[in-house]
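Q: here is my input, please return the structure:
(2 chains)
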There are 2 protein chains.
Amino acid sequence: MKVVALAGGVGGAKLVAGLAGILPSADLTVIVNTGDDFSHYGLKICPDLDTVCYTLAGLANPIHGWGRNNETFTVLEELGSLGGETWFKIGDRDLAIHLERTRLTLEGQPLSKICEHLCEKIKVAQRILPMTDDPVRTLVHTRTEGVISFQNYFVKYACQPVVKGFSFAGIESARPAPGVLHSLHQADMIVICPSNPWVSIEPILSVQGIKEVICKKKAVGVSPIIGGKALKGPAAKMFSELGIVPSAVAVAKHYQDLLWGFMIHESDLRLEGEISGCGIIPLTTNIIMNNDPERQRLAKELLAFWEARNSIEEHI
Amino acid sequence: MKVVALAGGVGGAKLVAGLAGILPSADLTVIVNTGDDFSHYGLKICPDLDTVCYTLAGLANPIHGWGRNNETFTVLEELGSLGGETWFKIGDRDLAIHLERTRLTLEGQPLSKICEHLCEKIKVAQRILPMTDDPVRTLVHTRTEGVISFQNYFVKYACQPVVKGFSFAGIESARPAPGVLHSLHQADMIVICPSNPWVSIEPILSVQGIKEVICKKKAVGVSPIIGGKALKGPAAKMFSELGIVPSAVAVAKHYQDLLWGFMIHESDLRLEGEISGCGIIPLTTNIIMNNDPERQRLAKELLAFWEARNSIEEHI
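A: Down below sits the predicted model:
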């Protein structure tokens, strides 16, 4: 059972960790958003790739979900006393990854190769692919601050500015990273993780050829919105500001042509009809993943949902 | 009494610290070698500037002379476990300086401005000037390894390759940093610190216009070689490999047109005649600086030597 998951940062990494816990490592490929990547102090920083990799390596900070566990902040403190920029909270061990990635980038290595190498070093056995080796930058179009980079929006402005839309600079010429399309073609199941539809999943879907494969094969998704609210991050706020009532239905409609099935939270049971109305099979369960057993339980339910699709369709 | 000192790294920084201890801070300007500067992990690293600044700020590692005191190496250890390059021993606090310098460089600020800013932050009251804001790279021409960068020679190869000569890439178009020529013109005393003549002082002297001013005004120097050996670093080895017997005399001859007086170690008393023979006034004293009182004692003797030059010349 070859599984390919599309993921952004913390929420996506949780489901990916659940899948990793129940699948042979060779059977899981994760295609990760790189639209959040940015340059800071001249370093190449890939927040979503790092979050997914740290989570799978068991190195993620258990409180925040991003950054490293057992972390120290000596460099950041010193940067503060030098008058440097400290809004992006880089820990010392985390910094080493950014430095080494930058060094290898300057040597001319593509991100996918660097990611493979770093995964080997931190002992991630699953295949982690950046969506593209080409530079793509998610831009947030806001009412008050104009067009700003995603990291400025997310960290510096703490998601406060009202959004008008998004664009992905460089997306037209971004080719899927080696292995991305092949893994999707070979996949027995494609999962759209409970990541932000606008700024985590949309950039991946916008890379040449990716949406087309998923449209044809169909995916199964997990809602990042429960009871009209995002478990983490600005997804619900973004839907509202774009004039869409935030709900699991809004997400299902957003992915309309891509999804066969969609897992929503049990408290959203009343939305099942509307989701079915979109031609997507809803599955209502507990989609909150507070710990490893909950992540694996959800991953198992996801697999069972997909594997039962023939009988489910007959039943309908 | 306006003093301008030309300095490289550890040896130069010791004398500069001595001068700083006895002069009003506004009266001391240090022109620092930037030929050792290099890029590592994409960061702009200026070893000699940092050594001088850390020393004056009281932040230098008291054992090595370079790097920071109370230092930790979390990032370096992590880089090691990621398979990164660890031959250049960057500590965590030291790394912050390189990051902030890189950030400000990418913002378009010249090195001299960045240096002024960082000096203010780490509380260095004296004026520290890079020799130039333009990129200059000291290249070591070796018999076995070809032409290698100074840091590769110095750190990676531990000064083992036999040298044939030196060149300073970019020197032809390097302009003196703002304030360099003015400070030399205004100086009441110019000091050539006990730094490596070939790779610390020569790059400074090779920047447009600097040698000419010193030739005209004359400087006073302190020998980096005692009893045919360098107190630290490869200066004596370089003289030998270039076919010159290493001694305070060899250094005096190297600076022949620039020096009025030259301080040599008391154990080199027998060399006084040869130095006088070059038209340079020798002063024999204890030039070893193991601690602050010794640094200040030597700085005082240096000032007294220079201030007494009229009576010394009458005496001759």
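Q: where exactly do the strands run in chain A?
A: Taking DSSP state E as the criterion, chain A contains strands spanning A:3-7, A:28-32, A:38-40, A:43-45, A:127-130, A:137-142, A:147-149, A:163-169, A:189-192, A:219-222, A:225-226, A:229-230, A:259-265, A:281-285.
Q: save those strands as TSV, and put in distance to A:Y54 and mean pLDDT too.
A: Heads up, the C-betas are built off the backbone N, CA and C, glycines and all. Written out in TSV, the entries for these read as follows (distance: least, Cβ to Cβ, whole Å; pLDDT from 0 to 100):
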stretch	distance to A:Y54	mean pLDDT
strand A:3-7	13	98
strand A:28-32	12	98
strand A:38-40	18	95
strand A:43-45	13	97
strand A:127-130	11	98
strand A:137-142	21	97
strand A:147-149	22	96
strand A:163-169	24	98
strand A:189-192	20	98
strand A:219-222	21	98
strand A:225-226	25	97
strand A:229-230	21	93
strand A:259-265	25	97
strand A:281-285	27	97
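Q: which of these sits closest to B:I97?
A: With respect to B:I97, and counting by Cβ to Cβ, the nearest of these is strand A:43-45 at 15.0 Å.
Q: in chain A, which ranges drop under the pLDDT threshold?
A: A:316 (pLDDT under 70).
Q: quick one, which of the strands of chain A gets closest to chain B.
A: Checking the strands of chain A against chain B by Cβ to the nearest Cβ gives strand A:43-45 as the closest, at 6.6 Å.
Q: would you mind listing what in chain A touches chain B?
A: Taking Cβ under 8 Å from any Cβ of the partner chain, the part of chain A that reaches chain B is made up of A:40-43, A:72, A:74-76, A:78-79, A:81-85, A:92-93, A:95-97, A:99-100, A:102-103, A:106, A:117-118, A:121-122.
Q: before we move on, back to that, which stretch among the strands of chain A comes nearest B:S200?
A: Of the strands of chain A, nearest to B:S200 by Cβ to Cβ is strand A:43-45, at 29.9 Å.
Q: so A:R309 sits against A:G261, correct?
A: Yes. Counting by Cβ atoms under 8 Å, A:R309 does reach A:G261; the two are 7.0 Å apart.
Q: of these two, who's got more company?
A: Using other Cβ atoms under 10 Å in any protein chain shown as the criterion, A:R309 and A:G261 rank with A:G261 on top: 21 against 15.
Q: partners of the more buried one in the sheet?
A: Per DSSP bridges, the residues bridged to A:G261 are A:V220, A:I281.
Q: quick one, what contacts it?
A: Applying Cβ atoms under 8 Å, 6 or more residues apart in numbering or on different chains, one finds that A:G261 lies in contact with A:V220, A:G221, A:I280, A:I281, A:P282, A:L283, A:F305, A:W306, A:R309, A:I312.
Q: how much space separates the residue lying closest to A:V4 once chain neighbours are set aside from A:M1?
A: Across the structure, with Cβ to Cβ, 6 or more residues apart in numbering or on different chains as the measure, the residue nearest A:V4 apart from its sequence neighbours is A:A187 (4.1 Å). Using Cβ to Cβ, to the nearest Å, one obtains 9 Å as the distance from A:A187 to A:M1.
Q: out of these two, which sits in the more crowded spot?
A: Here A:A187 and A:M1 are set side by side on neighbour count (other Cβ under 10 Å), and the busier one is A:A187, at 20 against 13.
Q: so who does the more buried one touch?
A: Residues A:K2, A:V3, A:V4, A:T29, A:K217 are the ones in contact with A:A187 under the rule Cβ under 8 Å, 6+ apart.
Q: wait, the third one sits on A:L184?
A: Yes. Here A:V4 lies in contact with A:L184, judged by Cβ under 8 Å, at a distance of 5.7 Å.
Q: coming back round to it: which one among the contacts of A:G261 gets closest to B:N196?
A: Of all the contacts of A:G261, B:N196 sits closest to A:G221, with 64.6 Å by Cβ to Cβ.
Q: contacting residues around the residue nearest to A:I264 when sequence neighbours are not counted?
A: Distances taken as Cβ to Cβ, 6+ apart place A:A248 nearest to A:I264, at 4.1 Å, with adjacent residues excluded. With contact set as Cβ under 8 Å, 6+ apart, A:A248 has these partners: A:S223, A:I225, A:I226, A:F262, A:I264, A:H265, A:D268, A:L271, A:I275.
Q: what do you get for A:H141?
A: Contact analysis of A:H141 by Cβ under 8 Å, 6+ apart lists A:V147, A:V163, A:K164, A:G165, A:F166, A:S167.
Q: ok, it to A:V147 distance?
A: Counting by Cβ to Cβ, the gap between A:H141 and A:V147 amounts to 5 Å.
Q: show me whatever sits in contact with both of those two.
A: Residues touching both A:H141 and A:V147 comprise A:S167, with contact defined as Cβ under 8 Å, 6+ apart.
Q: tell me where the stretch 101-250 of chain A has helices.
A: If you assign secondary structure with DSSP state H, counting those that start in this stretch, the helices in the stretch 101-250 of chain A sit at A:111-122, A:150-151, A:180-186, A:202-206, A:210-217, A:235-241, A:248-254.
Q: any residues in contact with both of A:R309 and A:G261?
A: Contacts common to A:R309 and A:G261, judged by Cβ under 8 Å, 6+ apart, are A:I281.
Q: ok so, going back, distance of the residue nearest to A:I264 from chain B?
A: Between A:A248 and chain B the computed distance is 40 Å (Cβ to the nearest Cβ, to the nearest Å).
Q: and A:P62, by the same measure?
A: Between A:P62 and chain B the distance, using Cβ to the nearest Cβ, works out to 19 Å.
Q: what's the closest non-adjacent residue to that residue?
A: Nearest residue to A:P62 in three dimensions, chain neighbours excluded: A:N69, at 6.3 Å (Cβ to Cβ, 6+ apart).
Q: which ones are touching that neighbour?
A: A:L59, A:A60, A:N61, A:P62.
Q: these two touch, right, the first one and A:I122?
A: What that stands for is A:L59. Yes. A contact is recorded between A:L59 and A:I122 when judged using Cβ under 8 Å, the distance being 6.3 Å.
Q: give me the neighbour count for the residue lying closest to A:W198 once chain neighbours are set aside.
A: Leaving aside its chain neighbours, A:W198 sits nearest to A:M238 (5.1 Å; criterion: Cβ to Cβ, 6+ apart). A:M238: 22 surrounding residues under other Cβ under 10 Å.
Q: ok, A:A304 - how many residues close by?
A: When neighbours are counted by other Cβ under 10 Å, A:A304 registers 10.
Q: likewise A:G9?
A: Residue crowding around A:G9 was assessed by other Cβ under 10 Å; the count is 27.
Q: quick one: it from chain B, how far?
A: A:G9 sits 21 Å away from chain B when distances are taken as Cβ to the nearest Cβ.
Q: bridge partners for the nearest residue to A:D94 once chain neighbours are set aside, pull those for me.
A: The spatial neighbour of A:D94 that comes closest, neighbours along the chain excluded (Cβ to Cβ, 6+ apart), is A:R68 at 5.0 Å. Under DSSP bridges, the beta-bridge partners of A:R68 are A:A60.
Q: OK, contacts around A:R68?
A: Taking Cβ under 8 Å, 6+ apart as the definition of contact, the neighbours of A:R68 are A:Y54, A:L59, A:A60, A:N61, A:G91, A:R93, A:D94.
Q: of those residues, just say which sits nearest to chain B.
A: Proximity to chain B was ranked across the contacts of A:R68 by Cβ to the nearest Cβ; first place goes to A:R93, at 4.8 Å.
Q: what is the burial count for the closest residue to A:E202 other than its chain neighbours?
A: The shortest distance from A:E202 to any residue other than its chain neighbours is 6.9 Å, reached at A:F166 (Cβ to Cβ, 6+ apart). Here the count is done by other Cβ under 10 Å, and A:F166 has 20 residues near it.
Q: separation between A:F166 and A:G228?
A: When Cβ to Cβ is applied, the distance between A:F166 and A:G228 equals 21 Å.
Q: could you do A:P135 as well?
A: Relative to A:G228, and taking Cβ to Cβ, A:P135 is found at 35 Å.
Q: same question for A:Q126.
A: When distances are taken as Cβ to Cβ, A:Q126 and A:G228 turn out to be 33 Å apart.
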